[in-house]
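Asker: Requesting a structural model of the entry that follows:
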Amino acid sequence: MAYPASSEPHPSGLLRHVTGRVFIYGALLLWAFICIFPIYWTVSTSLKKAPNVMKGNLIPWLDFQPDWLGWRSLGLSPDTIFNVSTVRDEFLLRFENSILVSIGAAALAIIIGSLAAYGLSRFQYRLGPWRNKDISFFFLSQLILPPVVLAMPFLVLYKELALLDTITGLVLVYTLMVLPIVIWIMRDQFDTIPIELEQAALVDGCSVWGAFLRIVLPIALPGIVAAFILAVVLSWNEYFFAALLTSTNAKTLPVMVASQTGSQGISWWSMAALSTAAIAPLVLIGVFLERYIVKGLTAGAVK
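Answerer: Modelled structure (predicted):
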């Protein structure tokens with residue numbers, strides 16, 4: 001006489017399942033701790049006094065008593081925020097410069113990169129022995145080039161063009177820096193859009209530009225948003241060219257953070273407070289626009 005198979009899992013199989021889940025979640029928690037700890041260390045350091053920084057105290061109210069020393073030195077503490085502060089004025093100017101440079105470079109890279117990516121996705125090019133894949137790889141290979149190699153050419157060129165210490169100069173160099181990534185992201189986006197949609201639009205009387213603007217771009221909007229956000233983040237964090245090509249007027253936040261040194265050494269609390277204020281916009285972008293970033297970057301992953 002046959003009996004129905006039991007629906008209860010075998011004890012050994014259940015043990016392997018639980019062990020696997022514990023291992024996976026344990027690894028994820030460890031990785032989350034590794035990623036979040038530098039941010040926690042920066043924020044906590046901005047609330048420490050000099051002895052607490054040197055001792056390496058980590059837990060507020062247990063290892064040390066929080067203090068607004070770092071924020072007070074920048075005129076950003078609760079007791080100084082409404083007072084006149086030249087340091088705070090400089091911070092706001094550098095913050096404004098970072099916003100203008102990052103958004104300007106990202107917007108320009110999106111415009112140029114979208115057109116280049118659409119051409120590589122929809123048309124076949126031949127440049128000597130090169131084809132579309134070779135041209136795409138050439139764009140991406142520009143990221144391998146160390147920025148220091150470009151230091152002297154950019155200094156000479158920008159001096160001749162009167163672009164040293166200008167917002168326009170930084171926007172142009174940051175556009176070149178993020179353009180390869182934008183092209184690759186947007187090319188993958190356009191590859192996932194059926195070409196039949198554009199052919200139907202052409203049959204209905206649209207031009208190539210009309211089909212691109214009315215059909216393709218709205219569908220590729222998640223990828224555009226993801227590429228724009230990534231370009232903003234990369235431009236916001238860039239230090240080398242900002243330190244090389246600016247001196248007074250066009251300095252950005254990373255340069256100001258690195259300049260927190262004096263005759264007494266490095267002002268860790270001020271640097272931490274500046275770093276916290278600098279990463280706060282990026283944290284907000286990651287929290288509120290995470291779904292757009294993930295959706296845009298993974299749109300072409302599964303076909």
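Asker: surely Trp268 meets Val53?
Answerer: Yes. Using Cβ atoms under 8 Å, Trp268 is in contact with Val53, at 4.8 Å. Yep, even glycine has a C-beta here, placed from its N, CA and C like the rest.
Asker: Show me the common contact partners of those two, please.
Answerer: Thr45 (Cβ atoms under 8 Å, 6 or more residues apart in numbering).
Asker: got the residue ranges for the helices in the stretch 101-250 of the chain?
Answerer: 132-141, 151-160, 167-191, 195-203, 208-211, 217-219, 221-237, 240-245 (DSSP state H, counting those that start in this stretch).
Asker: and of those, who's closest to Ala116?
Answerer: Smallest distance to Ala116 across the helices of the stretch 101-250 of the chain (Cβ to Cβ): 5.2 Å, for helix 167-191.
Asker: Mind putting the helices of the stretch 101-250 of the chain into CSV with mean neighbour count, mean pLDDT and distance to Pro254?
Answerer: Shown next, in CSV, are those (neighbours: other Cβ atoms under 10 Å; pLDDT from 0 to 100; distance: least, Cβ to Cβ, whole Å):
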stretch, mean neighbour count, mean pLDDT, distance to Pro254
helix 132-141, 14, 80, 25
helix 151-160, 13, 91, 16
helix 167-191, 22, 91, 11
helix 195-203, 13, 88, 42
helix 208-211, 14, 86, 39
helix 217-219, 14, 89, 32
helix 221-237, 21, 90, 7
helix 240-245, 20, 92, 6
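Asker: I'd like those written out as JSON lines, with distance to Ile99 added.
Answerer: JSON lines is the format used below for these (distance: least, Cβ to Cβ, whole Å):
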{"stretch": "helix 132-141", "distance to Ile99": "27"}
{"stretch": "helix 151-160", "distance to Ile99": "22"}
{"stretch": "helix 167-191", "distance to Ile99": "10"}
{"stretch": "helix 195-203", "distance to Ile99": "36"}
{"stretch": "helix 208-211", "distance to Ile99": "31"}
{"stretch": "helix 217-219", "distance to Ile99": "25"}
{"stretch": "helix 221-237", "distance to Ile99": "8"}
{"stretch": "helix 240-245", "distance to Ile99": "13"}
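Asker: what ranges of the protein fall below the confidence cut-off?
Answerer: Scanning the chain for pLDDT under 70 picks out the ranges 1-11, 262-264, 295-303.
Asker: Go ahead and flag the most central residue of it.
Answerer: Closest to where the C-alpha atoms of the chain average out (Cα atoms, centre = their mean) is Val233, at 2.4 Å.
Asker: quick one, what contacts the residue nearest to it when sequence neighbours are not counted?
Answerer: Distance criterion Cβ to Cβ, 6 or more residues apart in numbering; nearest residue to Val233, sequence neighbours excluded, is Leu282 at 5.9 Å. Residues near Leu282 by Cβ under 8 Å, 6+ apart: Val233, Trp236, Asn237.
Asker: could you measure Leu282 against Thr276, distance?
Answerer: Leu282 is 11 Å from Thr276, where distance means Cβ to Cβ, to the nearest Å.
Asker: same deal with Leu179?
Answerer: From Leu179 across to Thr276, the span is 30 Å (Cβ to Cβ).
Asker: Next: Asp67.
Answerer: Distance, Asp67 to Thr276, by Cβ to Cβ: 14 Å.
Asker: ok, now Gly13?
Answerer: Here the criterion is Cβ to Cβ. By it, Gly13 lies 48 Å from Thr276.
Asker: Which one's more surrounded, those two?
Answerer: Between Gly13 and Thr276, Thr276 has the larger neighbour count (other Cβ atoms under 10 Å), namely 20 against 9.
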